[in-house]
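# Next come a sequence and a model predicted from it.
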Amino acid sequence: MSNPMDEIRKLSVSERIQLVEDIWDTIVASQEQVPLTARHRQELDRRLDEYSKDPAAGKTWDAVREDLGHDA
């Protein structure tokens, strides 16, 4: 039986990127099976509370990308 990583390494970079995207899509489709820890739930609740207090305090994704020096 061959090692799957050996086969993956033979793929081009674009093929490996596509593979990662395909794998990620399967995870997203099964997200109910990915447990949310109490710590993560607390952090999400904290962020939601902060947003509720001042929705204008955040930045748009375009603004963040611009701050990072990337084109939107």
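Ah, there it is.
# lowest-confidence helix or strand of the protein?
Using mean pLDDT, DSSP states H and E, helix 61-68 stands out as the lowest-scoring helix or strand of the chain, at a mean of 91.
# mind checking which helix or strand the residue nearest the centre of the chain is in?
Nearest to the mean C-alpha position of the chain, counting by CA atoms, centre = their mean, stands Trp24 at 8.8 Å. Assigned by DSSP states H and E, Trp24 belongs to helix 13-29.
# Quick one: mean pLDDT for the helix or strand that comes right after that helix?
Per DSSP H and E, the first helix or strand lying C-terminal to helix 13-29 is helix 38-53. Helix 38-53 shows a mean pLDDT of 95.
# Look at Asp71 and report its pLDDT.
On pLDDT, Asp71 comes in at 61.
# Number the residues from 676 up from this point.
Yes, from this point I'll number from 676; that puts the last item at Asp746.
# Okay, now stretch 699-708: how far is its last residue from its first?
14 Å (CA to CA, to the nearest Å).
# what about Ala704, how many neighbours?
For Ala704, the neighbour count with other CB atoms under 10 Å is 9. Every C-beta, even on glycine, is put in place using the N, C-alpha and C of the backbone.
# How about Glu741?
A total of 13 residues lie near Glu741 under the criterion other CB under 10 Å.
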